[in-house]
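Trainee: Sequence and predicted structure are below.
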Amino acid sequence: MKTRILKLAVAAALAAPAVAMATTGYFAHGYGLKAKGMGGVGIALPQEAMSGVSNPANLGFVGNRLDLELEWFRPVRDADVSGANPFNGRWDGNGRKDFFIPGFAYNRMLRPNLALGLLVYGNGGMNTTFNSNPFGAVGGSNPGGVDYMQLFFAPTLAWKPNENHSIGISLNLVYQNFGAQGLEGFANPVFSANPA
């Protein structure tokens, strides 16, 4: 009897609909097509030059190669708010729906134990644009939302002291852009800290 109840409970839990969804924010769960397809395991499993984004030492194991990628990211950003006047309602932040995030990796073996690579990749795609600003009730203008993006250029060097080990280093040169609009209500002096 207990086994049957347990089986029914497990079946009910598996059949229950998901009520919350999320992304990993501005950072990808993996860099490179193979790493993304395996849940982001590129840190310890070098299969392509893009894995150098997660672990620069990986370039010592991937050989000469060029990897290009363009990720199509389409998040759904909305919320139902209740019990939080004046923010109650359904808020849709999908003013922009489609984001294309680039990736480029080139690796060259200078010697059998020394690799030089260039990694170029982006982070972003979670910016929101609310057609009806949830912060309008506290003085925010339309449209409300935020936009944040990053583009990395990472020259990378990897050295293999032996066949099983690699040591890597990257110099991260980053261009980033941030914008926010419709948040004027948060500039209210009542909510601001007094530095004096």
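Mentor: Received, thanks.
Trainee: Which residue is the nearest non-sequential neighbour of residue 130?
Mentor: In this structure, residue 130 finds its nearest non-sequential neighbour in residue 144, 4.5 Å apart by Cβ to Cβ, 6 or more residues apart in numbering. Glycine gets a C-beta too; all of them are placed from N, C-alpha and C.
Trainee: Does that neighbour touch residue 92 like I think?
Mentor: No: at 11.4 Å, residue 144 and residue 92 do not qualify as touching, with contact defined as Cβ atoms under 8 Å.
Trainee: Next, show the common contact partners of those two.
Mentor: Common contacts of residue 144 and residue 92 (Cβ atoms under 8 Å, 6 or more residues apart in numbering): residue 130.
Trainee: Who does residue 111 form a beta bridge with?
Mentor: With DSSP bridges as the criterion, residue 111 is bridged to residue 114.
Trainee: Can you point out the buried residues in stretch 151-171?
Mentor: By 16 or more other Cβ atoms under 10 Å, the buried positions in stretch 151-171 come out as 151-152, 154, 156-160, 166, 168, 170.
Trainee: make that stretch 78-88, sorry
Mentor: So, applying 16+ other Cβ under 10 Å, stretch 78-88 has no buried residues.
Trainee: Export the longest helix along the chain to PDB, keeping only CA atoms.
Mentor: Criterion DSSP state H: the longest helix present in the chain is helix 2-15. Provided in PDB are the C-alpha atoms of helix 2-15 (Å, rounded to 0.1, in the frame of the first residue of the first chain):
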ATOM      1  CA  LYS A   2       2.800   2.400   0.900                       C
ATOM      2  CA  THR A   3       4.600   1.700  -2.300                       C
ATOM      3  CA  ARG A   4       1.500   2.400  -4.300                       C
ATOM      4  CA  ILE A   5       0.900   5.700  -2.600                       C
ATOM      5  CA  LEU A   6       4.600   6.700  -3.100                       C
ATOM      6  CA  LYS A   7       4.300   5.900  -6.900                       C
ATOM      7  CA  LEU A   8       1.100   7.900  -7.100                       C
ATOM      8  CA  ALA A   9       2.800  10.900  -5.300                       C
ATOM      9  CA  VAL A  10       5.800  10.700  -7.600                       C
ATOM     10  CA  ALA A  11       3.600  10.500 -10.700                       C
ATOM     11  CA  ALA A  12       1.500  13.500  -9.500                       C
ATOM     12  CA  ALA A  13       4.700  15.600  -8.800                       C
ATOM     13  CA  LEU A  14       6.100  14.800 -12.300                       C
ATOM     14  CA  ALA A  15       2.700  15.700 -13.900                       C
END
